[in-house]
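**Student:** Generate coordinates for the sequence data below:
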Amino acid sequence: MKFSTRLAVAGGAVLTALATVAAPASAAPSATTDVRIVTFNDLHGNLEPPSGSSGRVTLPDGTTVNAGGAAYLATHLKRLRSEVRNSIVLSAGDSIGASPVISALFHDEPTVELLNMLGVDASVVGNHEFDEGLKELRRIQNGGCHPTDGCQFQKSFEGANFPFLGSNVYYENGFPALLPFSIEFSGGVPIGVIGATLKDLPQVVTPEAIKGLKFGDEVQAIDRTAKLLDLFGVKAQVVLLHQGDNSETAGPDECKVKPGAATAIAQKVTSKVDAIFTGHSHQQYNCVINDPEGQPRTVTQGASFGRLLSVVDLKIDRRTRDVVRGETKAHNEIVTRDVKPDHDVQTLIDEAKAKAAPIANKAVGTITADLVAKGAASGESPLGDVIADAQLEATQSNGAQIAMTNPGGIRTDFGYASSPNGEGDGVVTYGEAFAVQPFANIMQTITLTGANLKNVLEQQWQANGVVRILQISKSLKYSYSASAAQGSRISNLTLNGTPIDPAASYRVSVNNFLAAGGDGFTELTKGTDLAGGPVDLDALIAYFAAHPNVAPPAADRITVLP
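**Tutor:** Numbering: from 1, shown residues only. Sure, this is the predicted structure:
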């Protein structure tokens, strides 16, 4: 069913239709029906198997297994659906955006085609669905060629066969900007699917991308929508929540979350909701969190990049049309690569690879060993160091003395053996560089005082409990004590070995996302004398060109104190 049909159904006609089922006949048998819901989150256009740590799943014993790849995901999904009579496929957001080059070069049209092939029934919007703004999201939804680049992947683009949901996404006048819910009929009963994205979305996208939009409280939006669905007889309800918690190292079906935003939402959301699928934090967990009435409720997340499928089996009472909560079974299915890849999906991937190859396979540099995005205990990472150094070098004409970049903008690793020929020669291709820095953020150099600079670093520890350690150029060094009081964690701040003067001025390069206060670094908005620079990807490619055989830098820029 194309989205135009869904829009009519979900907008108004569905409520009329549901009125006929709102009061079940007294003679209906008190039997149950089983419905399997299969969900993935944060695919980010990873059509090919992701490499490095991004392509592995941690098992309960701490070992890992290779996982992910759309053709393998399709095979696993088909098997999971074949095991049951009734099933629904959903996405918990960020299916597109921050994608590898074979999808991103074509504005993620290959990934949307994949989602259609997988039979996705509904998706919540994640923050990356807004990377190119609401107008582009509308095109992704409804189809049509890109206004600038046209249709480069195929002759036409039909759009998504499913709705993008966002119950807490509004225009500035308060009117809904997206559908709040979808209703899926499976097993003879209606199932309400409510979508809500993180209310802090404006902190993680550029302001221009969401101009004219506002994002409301998740719990309020979900509760309001759940009440409406309940009023019209839709008793079985699930939530697609693009917000998640961090987790300790654990297996796919363990629950070792560090309670954060998602847990708080799950504890407050109305008991009308029967299961919550989360995303955004790229973690794996399978939890049961009590709802406000003390009843157990499944809350799950399936890592990212198509490595896991979150499977929730619901038993629904045919008479009441509500979920028998105590009978819910949930697990995270690993998308292993020991199955036969789906032929049709592999054909799609091969087409995207072939069309992207002339650009993607071009060599842009060399490395002597893996450059990984994962940080040391301090949060400093080899790849973060290299990127910050590249950004400092690329903005010297602006008088830059320091460069800082956000860890969320570093999407994957550079593997020594991951070049297209697989020979372990340390060649870095354009496609690999694009996968690391896919956002096309523009470098900007601003003037900050030393006091501003310290405050920026203090904001790495945020009120919601999230810690985001900025990656810094080799010119800047400092120490921190995580146990110190808020605002007093940073010390020993130096520039090229000289102590930072709180009253002096310094030229600092950051990307435009950070300069606008992204990721909660609001102190950066106090910068003055802004000067533009290159796109971050171009800065990285130029650095590789100027520095053959880049080696992992020593992790000596950030020192951890007791």
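**Student:** For my notes, confirm Ala330 occurs in a helix.
**Tutor:** No. With DSSP: H, G, I helix; E, B strand; the rest coil as the criterion, Ala330 is assigned strand and is not in a helix.
**Student:** Leu229 and Pro180, how far apart?
**Tutor:** As judged by C-beta to C-beta, to the nearest Å, Leu229 and Pro180 stand 9 Å apart. Any C-beta I mention is one placed from the backbone N, CA and C, and that applies to glycine too.
**Student:** Need the overlap of contacts for the two.
**Tutor:** Both Leu229 and Pro180 are in contact with Ile194, where contact means C-beta atoms under 8 Å, 6 or more residues apart in numbering.
**Student:** Based on its surroundings, how many neighbours for the nearest residue to Gly520 once chain neighbours are set aside?
**Tutor:** Leaving aside its chain neighbours, Gly520 sits nearest to Gln462 (4.9 Å; criterion: C-beta to C-beta, 6 or more residues apart in numbering). The number of residues packed near Gln462 is 16, by other C-beta atoms under 10 Å.
**Student:** looking at it, Gln462 is touching Glu523, isn't it?
**Tutor:** No. Here Gln462 does not reach Glu523: they are 11.9 Å apart, not a contact under C-beta atoms under 8 Å.
**Student:** Under the pLDDT cut-off, which ranges of the protein? List them.
**Tutor:** 1-30, 418-424 (pLDDT under 70).
**Student:** make it 80
**Tutor:** For the chain, residues meeting the criterion pLDDT under 80 lie at 1-30, 52, 418-424, 464.
**Student:** give the contact list for Asn455.
**Tutor:** Glu523.
**Student:** Is it in a helix, a strand, or coil?
**Tutor:** Under three-state DSSP, the three-state class of Asn455 is helix.
**Student:** Kindly report the same for Ala545.
**Tutor:** Applying three-state DSSP: Ala545 is helix.
**Student:** Number of residues surrounding it?
**Tutor:** Neighbourhood size, Ala545 [other C-beta under 10 Å]: 10.
**Student:** so the closest residue in space to it that isn't next to it in sequence is in which element?
**Tutor:** Among residues not flanking Ala545 along the chain, Gly365 sits closest, at 6.4 Å (C-beta to C-beta, 6+ apart). Counting by DSSP states H and E, the element that carries Gly365 is strand 363-366.
**Student:** That strand: partners in the sheet, and parallel or antiparallel?
**Tutor:** strand 427-429 (antiparallel) (DSSP bridges).
**Student:** report the longest helix in the protein, please.
**Tutor:** helix 343-360 (DSSP state H).
**Student:** Against which helices or strands is that helix packed?
**Tutor:** Judged by 3 or more C-beta pairs under 8 Å, 6 or more residues apart in numbering; DSSP states H and E, the packing partners of helix 343-360 are helix 70-82, helix 101-104, helix 109-118, helix 430-436.
**Student:** what's that helix in contact with?
**Tutor:** Contact partners of helix 343-360, identified using C-beta under 8 Å, 6+ apart, comprise 47-48, 70-71, 73-74, 101-103, 105-106, 110, 113-114, 117, 152-153, 429-431, 434.
**Student:** Go again with 7 Å.
**Tutor:** Under the contact criterion C-beta atoms under 7 Å, 6 or more residues apart in numbering, helix 343-360 has outside partners 47-48, 70-71, 74, 101-103, 105-106, 110, 113-114, 117, 153, 429-431.
**Student:** Any of those residues buried? List them.
**Tutor:** 47-48, 70-71, 74, 101-103, 105-106, 110, 113-114, 153, 429-431 (16 or more other C-beta atoms under 10 Å).
**Student:** Which residue ranges of the stretch 401-550 of the chain form strands?
**Tutor:** 402-405, 427-429, 442-449, 471-472, 476-480, 490-495, 498-499, 505-511, 528-535 (DSSP state E, counting those that start in this stretch).
**Student:** Give me the buried stretch members for the last one, please.
**Tutor:** Neighbour-count burial for strand 528-535, with 16+ other C-beta under 10 Å as criterion, is recorded at Ala531, Gly533, Pro534, Val535.
**Student:** Restrict it to CA atoms and write it as CSV.
**Tutor:** These are the backbone C-alpha positions of strand 528-535, laid out as CSV (Å, rounded to 0.1, in the frame of the first residue of the first chain):
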residue,chain,number,x,y,z
THR,A,528,32.8,36.0,17.6
ASP,A,529,34.5,37.0,14.3
LEU,A,530,33.3,33.9,12.5
ALA,A,531,35.2,32.9,9.4
GLY,A,532,34.1,30.0,7.1
GLY,A,533,36.2,27.1,6.0
PRO,A,534,36.0,23.9,3.9
VAL,A,535,33.6,21.0,4.3
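**Student:** Does anything pack onto that strand? Which helices or strands?
**Tutor:** Secondary-structure packing of strand 528-535 (3 or more C-beta pairs under 7 Å, 6 or more residues apart in numbering; DSSP states H and E): strand 442-449.
**Student:** Which strands border the strand it packs on, and is each parallel or antiparallel?
**Tutor:** Strand 442-449 has the following strand partners under DSSP bridges: strand 505-511 (antiparallel), strand 528-535 (antiparallel).
**Student:** quick one: that strand to chain centroid distance?
**Tutor:** 27 Å (C-alpha atoms, centre = their mean, to the nearest Å).
**Student:** Out of the helices and strands packed on helix 343-360, the one nearest Gly233 is which?
**Tutor:** Closest to Gly233 of the helices and strands packed on helix 343-360, according to C-beta to C-beta: helix 70-82, at 26.3 Å.
**Student:** The closest one: which residues count as buried?
**Tutor:** Ala70, Ala71, Tyr72, Leu73, Ala74, Thr75, His76, Leu77, Leu80, Arg81.
**Student:** I'd like the next helix or strand past that helix.
**Tutor:** Remark: after helix 70-82, the chain's next helix or strand is strand 87-91, criterion DSSP H and E.
**Student:** hey, where'd the helices end up in this structure?
**Tutor:** So, for the chain - with DSSP H - the helices run 3-8, 14-19, 70-82, 101-104, 109-118, 133-142, 218-231, 261-268, 343-360, 382-394, 430-436, 450-458, 512-515, 536-546.
**Student:** Dump the fifth one to CSV, restricted to CA.
**Tutor:** Which is helix 109-118. Coordinates of each C-alpha in helix 109-118 appear next as CSV, following Å, rounded to 0.1, in the frame of the first residue of the first chain:
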residue,chain,number,x,y,z
GLU,A,109,17.2,6.5,-2.4
PRO,A,110,18.8,3.0,-2.5
THR,A,111,18.1,2.6,1.3
VAL,A,112,14.4,3.7,0.9
GLU,A,113,14.1,1.1,-1.9
LEU,A,114,15.5,-1.5,0.6
LEU,A,115,13.0,-0.5,3.2
ASN,A,116,10.2,-1.0,0.7
MET,A,117,11.6,-4.4,-0.2
LEU,A,118,11.7,-5.4,3.4
